[in-house]
Structure formats: structure tokens, C-alpha cells
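>>> with the input below, show me the fold.
(chains A and B)
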Amino acid sequence: MKMRGFEYHRAATLDDALATLSEFGDDAKVLAGGQSLVPMMAMRLSSPAHLVDTGKLTTHDTITETDGMIAIGMRVTHAALEQSALIATAVPLAHAAAPHIGHRAIRNRGTVCGSIAHADPAAELPAVAVSLNAQLVVRSTRGERIVNAADFFHGYLTTALEPDELLTEVRFPKRGAIAGASVHEVSRRNGDFALVGVAVHLEFAKPSTKKGAAVIANAGIGLFGLGGIPIAAVEAQSLLVGNPTSDDLFAAAADAVMRNIDPMPDNHATAQYRRHVAGVLTRRALADATNQALAAS
Amino acid sequence: MRETIVGPFAGKFVGHAVRRVEDPRLLTGEGRYVDDVQLSGMLHAAFVRSPHAHAHIRNIEVAAARRSPGVVDIITGAEMETLVHPFIGMLALKGLYDPRFYALSSKRVRHVGDPVAIVIAESRAQAEDAIELVEVSYETIEAVANASDALDSRKPPLWDNRSNVLFDFANTYGEVDAAFAGADRVISHQFKEQRVSNQPMETRGIVVEIDPKSSAITVHAATQSAHMLKWVLALLSDRASIPASIKTLAINRDRVTRFAKSAKAILTAKPELKEPSPMMPAMVKQFRAEPSRFVDLQRAMLGLLAKSDNDRPEVLARDIGGAFGTKGSASREDLAVYAAARKLGRSVKWIEDRNEHLMGGGHSRDEIVDISMAVRNDGTLLGMKVSLTLDQGAYPAFPFGGSMFSQIIRVMFPGPYRVPVMQFNGKVVATNKGTLVAYRGPWAVETFVRERMFDMVARELGITAAEVRLRNIVTMAELPTPMITGPMLDVRMSAHRTLVDAIAIADYDNWPAAQLAARANGKILGLGIATFCEAAPGPPDFFEHSIPGSGALAGIEPAKIVLEADGMVAVITQQVPHGQGHETTLAQVAADQLGIPIEAIRVRYGDTKITPFAMMGTGGSRSAAMAGGVVTFAARELKERIVDIAADLMEASREDIVIEAGNVHVAGVPARGITLADIAVEARRRDQNAAPGEAIRVAQEFDGGEGGWTQATHACWVEVDLETGQVAIPRYVVVEDCGEIINPAIVDGQIRGGIAQGIGQVLYEKITYDDAGQFQTGTFMDYLIPTACEIPDIEIHHIETPSEIEANYRGVGEGGMVVAPAALTNAIENALAHLGVRISEPYLPPSKILELAGVIQTARSTAR
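From the prediction side, this is the model:
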């Protein structure tokens, strides 16, 4: 398991990286944390002729708040995401997802933008991006554009990124006043990719003075491990919005999730299993997110 | 848990959790593994492997690959057949057909990963680049993808146009039909164990070092048996014709004389070898049926006899990153790399990568067992009928493969229970899969099936799992008593006591109430127990009942102990530790005998130039008893020799000499003692013929004495999530007896490690081939090994049955892995019993749990 030969480019600046990508296009691959790309190269499943290492672009390793959005730079690692106080308070869903990503050693090197650009359908962060409809900032020598997460994931390991483009930043909306988030996943072992995963973000309307169930104002449900891309559970989301929480409502949302997916079997789990557990985890995550939001409010 | 104790000890090291001597170097990265061997001018090997399960090789084109940068040579299967002898199975058993095969395949491939050529290049990366340029034309053949294919006579044969059933045997013990006719109930079930794989942290690897000046060969290897590897490489390499070997011998008559002399010496020392081997009739039959087999064997044997010392390797095994059985074989790759280095006259390294190791580094289990138990309504077992089908893949492991395991499975099937009669039928079949090797209890299916079956019988009869076991397990009052299959259960067989203790510790009698109460609160809990015994090393008659004729060669453990010129003591063993901690435990044993600190002892191993000859190496949970025993007795002899000299030097009587903490003195006057260095000086003065650096040398052999069993009962609790199928293990209890414990930390580590692999087999691990024989588990994302996160705390309770037997040490290497799958599976079935679930296979990933519980529909999976 030795990789094929390649030319290594260490970008000194972002412009430098973009210029190299522009020059080599399809023949080049961006190296961020290397946690997915390097094993694929070692197994000769991926053999880019040119590797553009972004490791020196350290000015892009910040998490900042602007205009109600939380911006995560391309060099921010999963570990930094996990430990960020700003993320914990402003993007609770990303905070909840972080401990599920691989193992600590992987989180120390792997990057948030790298995971989203790699677009593994069983990974947590692409589903979080879909759940929150994140904005993905994409740069090339041709300029900058912003792609909504809903439009970003095209297929298995395939995204809206052109060969010369680099994902430089992901922007998550800041949570509302009454919000809860929960990530539930089943993996074979601790740290494995999910067999089934559900990332739920709920926002609630201001509580009325009357006692009664809280009303869901906004819902984001991202599913992972259930298809070729991370899936936004659109029907379930619209079932929830405007309704007071109840076990029946969550069960209906779970049914909608199960109806709208077409999971694939593999050696780790059957399609039936994935469909069933997607419903179970949807219910559990909705209940957790609700409890969290209402306990804090 | 026992506390880790770190000296000083009051003159006794055995029984204490002495810190491992190995750990400082291993934990600080100073270990020397085979991949750490770097030689100037060393070349690197990589293999061209079959992508097909079963195919004819029509053509192999290597010209483009030869032109690839860094390539030095490419040896195909056809050329390899001119360089080496075929592997020839050494087991002669009635009803066994043992195929012969070469290091590389030339005409046909028989599993995904079957090597067809070896590329030698300046670097491994360059060798892999060249592999991509080798063009092999295959014509695929229908695959024999599993045992049921192998039993189907319409499927193509793998070997020599013979049936894919390579070994077919039957043994009857007692009046089976009568016992079954007289039973209240006959309960039958079919069990399967999936194929799993050992997967040590370090894969296989070998560096064949050729000294450019002398052309002496040193094989650096990760092997469990240095002498076995040396012997196999010397036997099978440097193919020469019979006339050529005879010619060589005619010129070098000293080689014949030397052979005759050493054969005579062996036969004098072991007169039992003069008796005709019980294997002889089967061997003669094999040769009559296949004269070419006899010719192949003679050609290899004569070739070995004709080889000069310089044409035989020395093997050097240093630190080894685990094996669990798979490095007890000499592999086709080992021989191919050796042959390539010999051909080129240059050093060659091959380090197997993980993908190769998963494909071809050694698989295990993969059995189907049909069992019927004849019982009385009170649970008394009257007899068993067992039918085993063992899928050993394409190429039998060498020297020990599935056929040997099948015999231990047969002998061990009754375990520590009263089994009045037994019928055992066995088949070993060939399929287009990787090689089946020994894996931590290669016979373990007997425990899984028997212990699962007892639970099923209990449910059928409406009694508890504990009751059915207590009714049938051999109590200590009955000892000694032979198993129905032959081996003696001696007076230390305490399996009954482990069971009784475990039942008490588990509060088993109150379990049904606790389980019901939990279920009322929505918690699905289960408790499973399982009991077993393992031959570690087994009673003296164990080998003869397993493989008649193998005992005389396999049962002997040699060791040397040397007082060195500097006063240090060297323990020189044929064991090849690969994680067991022998540098610590053998030093503990020797230190206690000699009265010296363990720091004064060096354990030397793995170097065929200095270690005593034995083929067994390390394996079979034998080291504690065999090596612990021989080191005890040899150290005692050395002490006598030291005391002789000390008595003279101090003008005292022998009886008054004591050695404490390395101080040799007259009893009562420690201040006037002398050191072992002083003794060494005097010993060298007396013995002018002592080897350089040595003062006193003692060599002994040990036949295992009374041998004996290790036994245990495991109790496992589970909580099953009926919505997701996930299984948690909140508690795990072990009650075991391995005799006197040399180092409790090491014993507990062995037990925990074995259980971890047992949990892996049930919840995580499965080697998968599809129906066309395509291999599907080529990475650690496909083949899942449990990590520390998946393994619960394990509570271990030790029993040491008192005994007058000296060196009452027994092995614990395999037991945890042997019994844990049964305990865990029993617990899961117990948790799901109210749903009518019956479990026939240990592999229980979350989707299987939900299928069994009826929560989701069973899908026909794409792979089996």
C-alpha cells in the first residue's frame, strides 16, 4: 500500500493555492487534514498527479461571527470546532456533531471544510451543513461565489466544486433564542462512519404565558449514511414547523423520514435496518433537541 | 483487580505482578520489529495477486513491468517451480487428501489474493508501480464460494480433479444408537461460525539477509517458531533433482555421516521414536495412491541432506507485534521471498500490508456443526452426535492446517462434562477462500456449539442454563476420569468449581426476577454463562488422542540456562514470545529457583544459532507449563552446580549454602557472602572447556510432566436496545483456574485480550466473500476489530487448586477467546428469549439483532 508518485505543492498563500489549482485543474487535489485523501491515495483508489497542501495557510484557522453568521475558516480542525466556545453557544448542532467525527486523533488533523468538500454521505458535517442550510464560500482565480448547502452535494463524493475551486469557508446561521440541537447516530464501533445518523436543529417560537407544548418555528433535519449524499428531510421538516411538539408529531416526522429515503445495504447493515433506525433516531433526536431547547429557555 | 506490585520481593517473584521487562523498550519505540531491519543494498518485494476467486492463468506478460524504474527482477509462478519444492502436507491421517502446491501459482489461482508473481525492486513503492504493469490473462472458473458449494459435486474441483471434501472421518465412542433410543428427548440444532481473522497489529514480514561476503543467510522474521521456519525454508528451497543431490552427497560424504550420527543420537535419547509411528499405515497408503507425492518428499529431503551449512538459513526473530496463531505457519510468501533472495544473492524485504493480510494473511473458524443431544427430562446428557464441516479455504496452512484443527475439535468436544457416548463425523473442505490458520483456540467451535446447545436444551426442558450444566459437569469427586474421547481429566480439573463460583458471584438464582423487573421498566437484559476447559498443555496423552504419532515430537520443551562469565544468568528458550511477556515470566521462574533478582537474568530467544531445537515455538497456550517447567528444573540444576562451588569456596557443607537476592552465603552470615560473578570465575577456572563468556551451562528437556488443564466459567450480562439492535455489556465476570499464577498482571491481560477478541467475533468481525468468491473485507473499514471503547471492564476471579505437582503452571493464552463468544451469545439469546429467539451463529451485528427480534424483516444479504 504505497501511493503512486505525485508532485507536491505547498501553497504559501491562498492565491498561490488557487493559482496551482487553476493550472492543474482535474489533475490536482487539495490536501487539508488528509484523513480521507491520504488513505485513498495509499490504496491507490485516488492518484492525483498534483497535491496542493493548504497546511501553511494558517490565517484561515479562525471561527468568527459576522452578520448573524458564524464563519469557519478552511484550516479549522474538527478538534477546534469541538472545543470552540463560540460554536458551543451559537451553533449547537455543529458542537453536538463534533464528538462523533472519527476519533480524537482524526479530529486533530481533519478539517471542517475538508470534510464538507470530501462529501462522504456517512459523515456528520455534510449533514449538519444541510440541516442548517449553511453557506459555503468557494474561491478560485475566477473569483468568489457562495453556494447553499442545499445545492452543494451532487452525488457520492461529488459536489458543486469545480476542479479549480477551493472551499475556503463555511458559514452557519447563528441559533435563535430558543433552540435545541441533537445528533444521534448508530455506528458499528465508536468513531466509525455512521450506519445511520440524524442531525436535528429546532427553533421554537417565544413561549406563550399559557402552559402548553412549545411550537416549532423552524426545523432542520439532516440525514447521513442513508444515500449517496447527505439528505435534508424536507417533508419531515415541514410537518414539524408551526406545530406544537408531541410524541405523535415526532412519530409522523419519523414516518416521513422513513418514507422518503432509499438506503443501500452493505456488509455492515441492511437497507431495512437503515430505514427502521432512521425513524428511531429521528424520534430520539427530535425529543432530545426539544428537551434541550425548553430546559434552557 | 490486583494491584500492580513493583518489587522489592521477599525472594519470590512468581505470583507477583512484576512489571514487564519488555515494556520500557516497546513503549518508548525502541523495539526492533522485522520492518526495523534496514540493510544497505536491500531490495523490496511485492506480490502480483489474483483478483479472481478461481481462474486458469492463460498468460502472464511481465516485459513492461521489468522496464519499470527500480525493478530488479520478476519471478513468475512457472520460474518459481524451478527454484523451490512444493509444500507437502506432513499429516498422515486416514481419509485425508493433502494437496501439494507451490509458493506461487503458475496455472491456476484459487482465491482472491493468490500470489502469481513476485516483483523485486529497489523500493516497495516501485515494486507496486511495476505490479500495475504486469498483465495476467485469466480464464475464470466457477467459484466454490462456501462449504455448501464444496459439498456440491457439480461444482468444479479445486485440487487434482478430486472431491472438494479433502478429509472425511468418523469416530464412534460407545453405543450411540442405544443411548439415543433410551433418551427422553433428542434435541438437534445446526450452528455456524463465520470466518474471522487474527489480525495482529504487525502483519507478516520477512527480511532475507544475504551476507555479500560469506553469502551466509540470516532470515529476520516475525514468526512464532524460529526453528520451524528455518527447517521449512531449508527443506523447500534451492530445488535440486534427486540425482543432483545424490551427486552432491557423494562428493560431501561428511554430510551423510553427520546426519547418521545425529539421527542415532536422537534415537538413543528418544527410543520411542524407533517404534513405527501410528501415522505409518496412512502415510504408506498416501504414497501408494500418489507415488509422485513420495518422489516430491524424497527430493526435498535429499536436497536438505545435501545442503551445506552455508546453504541453510539461520532465523532471527526479535520483537513481534502479535500473531494469535497466524505466524505459526511458514507461508508461501516467506518461501517466495527466500527463493528470490537466493536467486539474486541479495537481501530482500517483504512487509505485508493490511490489505494483503486481510486477504491472505490467515483466516479462521468458518465451520458448520450439526449436533444432536440425547437427554433425560431432568437434563442428564446421555450422548451426542456431532457432524462438523470445516472450510479451510484453498491452500492448507503449513505445517498445521484445518485437518489438524478438526482432530482437536473432535477430542475437545465433550469439554469438562460427562458425555457417556459420542458420534463424531467430520469433513474438511476446500473452497476458493484464503488460508485457514490457527487462531487463539483453533478448536473453539466445540465450546461455542456445546455451550450454546446446553442453553437450548435447558430451554426445551424448562430448566435453567445453570441447572443443565451442573447436572452434567464432572465434579472434582469423580476425578481422575477420562474424557470419552480419551484424554484424562486429572484431579486438578476444577471446571465444576469455576461454574459453582460463577453462579454465586452472578447471583444467578435471582436473575429471572431481576430480568423481569428490568423488562417492566423497558430494559432488555440478558445473562449468559459458559464453561470450558483447554489443554494448556493438556494431559500427557492429549496429543496421542488428537493426532496419533505426533506426541513424541511435539511434546518436548528444551531450555538452556547459563551462568555467564560476568555472573549474569541467561535463560535460553525455544519459545518465540510475541506479546506474552516471556522475558519477564521465565525470568521470574528462574529467579525464584536461583535466589537472584530478575535483573540478573537475561532471557534469550528467537535466534536459531543459540536456542535449543524444537518445532513448536510459541503457541497452543503451552509456554507457562512447558517453558515454565523446564526453566524451573534447569534453574534448579544450575543452583546445585553453584552450591557445589560455593561450598568449596566457603569451606562449608552444601546444606548450609543459601542464595538470597544474588548473595551466596553460609546460612546466618549474609555479610560474608560472595556473588555469582565470583562463582563464575571459579567455575571457569575449573572448566577450561567452557564456551567463551560462559561459566556453567545446563541443558534440560521437559515432557510436560502431568500437564493439565486450564478451566473457566464466564458470565456475561448484556443490555439490548430493541430499537437499534445495539448490544451493551454492562458486566463481565471470569472465574478461572490456571494453576499457580506466575504473573497475575500478565494472566489477567491474556484473559482480557482473549475476551476482547471473543467480543469482536460476536459483535464486529466477519471476513466476507460474496457468492462468486469475491473478497469484500479488504480494509479495517470493512473488517471491524473492537477498540478499547468497545470492551467492558472485566472482573476476574482466580482459583488455584492446590497441588503437589511442581511447576504447576498452566497456559491462559487462548481460553478467553475460546469461551467468550459462547458466554456473550448466550447472554444475547437470554435477553431475547421472551421473543422466541434462537441464535445459531455468533455473528450478531445490530441489523442481525433486529432481524432475530422480529423488529425488521430479514433481508437476503448480498454477502454471506
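>>> and for B:His578, nearest residue in space, chain neighbours not counted?
Sequence neighbours aside, B:Ile320 is the residue nearest to B:His578 in space, at 3.5 Å (criterion: C-beta to C-beta, 6 or more residues apart in numbering or on different chains). Any C-beta I mention is one placed from the backbone N, CA and C, and that applies to glycine too.
>>> and what of A:Ala293?
In space, A:Ala293 is closest to A:Gly180, 3.2 Å off (C-beta to C-beta, 6+ apart).
>>> sheet partners, orientation included, of the helix or strand hosting that neighbour?
Remark: A:Gly180 resides in strand A:179-187, with elements defined by DSSP states H and E. In the sheet, strand A:179-187 lines up against strand A:194-204 (antiparallel) (DSSP bridges).
>>> could you measure from B:Gly662 over to B:Ala827?
For B:Gly662, the distance to B:Ala827 equals 50 Å [C-beta to C-beta, to the nearest Å].
>>> more neighbours: those two, which one.
When B:Gly662 and B:Ala827 are compared for neighbours, B:Ala827 comes out ahead with 29 against 18, by other C-beta atoms under 10 Å in any protein chain shown.
>>> if we can go back for a sec, ok, the residue nearest to A:Ala293 - contacts?
Counting by C-beta atoms under 8 Å, 6 or more residues apart in numbering or on different chains, A:Gly180 touches A:Pro92, A:His201, A:Leu202, A:Phe204, A:Asp288, A:Ala289, A:Thr290, A:Asn291, A:Gln292, A:Ala293, A:Leu294, A:Ala296.
>>> which of those fall within strands?
If you go by DSSP state E, the contacts of A:Gly180 have A:His201, A:Leu202, A:Phe204 in strands.
>>> thinking again about what came up before, the residue nearest to A:Ala293 pairs with what?
Beta-bridge partners for A:Gly180, by DSSP bridges, are A:Leu202.
>>> same check, this time on A:Leu31
The partner residues for A:Leu31, given DSSP bridges, come to A:Asp53.
>>> phi first, then psi, for whichever residue of the stretch 201-350 of chain B sits closest to chain A.
Proximity of the stretch 201-350 of chain B to chain A (C-beta to the nearest C-beta) peaks at B:Thr203, 10.5 Å away. Here is the backbone geometry of B:Thr203 (degrees, to the nearest 10): phi -70, psi -170.
>>> count of neighbours near it?
With other C-beta under 10 Å as criterion, B:Thr203 counts 22.
>>> OK, contacts around it?
B:Ile351, B:Glu352, B:Asp353, B:Arg354, B:Glu356, B:His357, B:Gly361.
>>> any chance of those in TSV, with pLDDT too?
Converted to TSV, the contacts of B:Thr203 look like this (pLDDT from 0 to 100):
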residue	pLDDT
B:Ile351	98
B:Glu352	98
B:Asp353	97
B:Arg354	97
B:Glu356	97
B:His357	98
B:Gly361	95
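>>> could you single out the nearest of those residues to A:Thr245?
Nearest to A:Thr245 among the contacts of B:Thr203: B:Arg354, at 47.7 Å, using C-beta to C-beta.
>>> what distance do you get for that closest one to A:Arg4?
18 Å.
>>> got it, and B:Glu706?
60 Å.
>>> which one's more surrounded, these two?
Between B:Glu706 and A:Arg4, counted using other C-beta under 10 Å, the more crowded position is B:Glu706 (18 against 15).
>>> let me know the pLDDT of the more buried one.
If you check B:Glu706, the pLDDT there is 91.
>>> residues in contact with it?
Neighbours of B:Glu706 in contact, by C-beta under 8 Å, 6+ apart: B:Asp490, B:Pro539, B:Pro540, B:Ile805.
>>> ok, A:Arg189 next?
A:Arg189 neighbours (C-beta under 8 Å, 6+ apart): B:Tyr764, B:Leu784, B:Pro786, B:Thr787, B:Cys789, B:Glu790.
>>> can I get these in JSON lines including secondary structure and pLDDT?
JSON lines is the format used below for the contacts of A:Arg189 (DSSP: H, G, I helix; E, B strand; the rest coil; pLDDT from 0 to 100):
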{"residue": "B:Tyr764", "secondary structure": "coil", "pLDDT": "98"}
{"residue": "B:Leu784", "secondary structure": "coil", "pLDDT": "98"}
{"residue": "B:Pro786", "secondary structure": "coil", "pLDDT": "97"}
{"residue": "B:Thr787", "secondary structure": "coil", "pLDDT": "95"}
{"residue": "B:Cys789", "secondary structure": "helix", "pLDDT": "94"}
{"residue": "B:Glu790", "secondary structure": "helix", "pLDDT": "96"}
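>>> kindly reformat these as TSV containing distance to A:Arg104.
Formatted as TSV, these follow (distance: C-beta to C-beta, whole Å):
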residue	distance to A:Arg104
B:Tyr764	20
B:Leu784	19
B:Pro786	18
B:Thr787	12
B:Cys789	11
B:Glu790	16
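>>> out of those, which one sits closest to A:Ala233?
B:Leu784 (28.1 Å).
>>> show the average pLDDT along whichever helix in chain A runs longest.
Secondary structure of chain A per DSSP state H: the longest helix is helix A:271-296. The pLDDT scores in helix A:271-296 average 96.
>>> for that helix, name the packing helices and strands.
Applying 3 or more C-beta pairs under 8 Å, 6 or more residues apart in numbering or on different chains; DSSP states H and E, one finds that helix A:271-296 contacts strand A:179-187, strand A:194-204, strand A:216-224, helix A:247-259, helix B:846-852.
>>> give the next helix or strand downstream of the longest helix seen in chain B.
Counting by DSSP H, the longest helix found in chain B is helix B:623-649. Using DSSP H and E, the helix or strand that follows helix B:623-649 in sequence is strand B:657-660.
>>> surely B:Phe400 meets B:Ser329?
Yes - B:Phe400 lies in contact with B:Ser329 (C-beta atoms under 8 Å); the separation is 7.2 Å.
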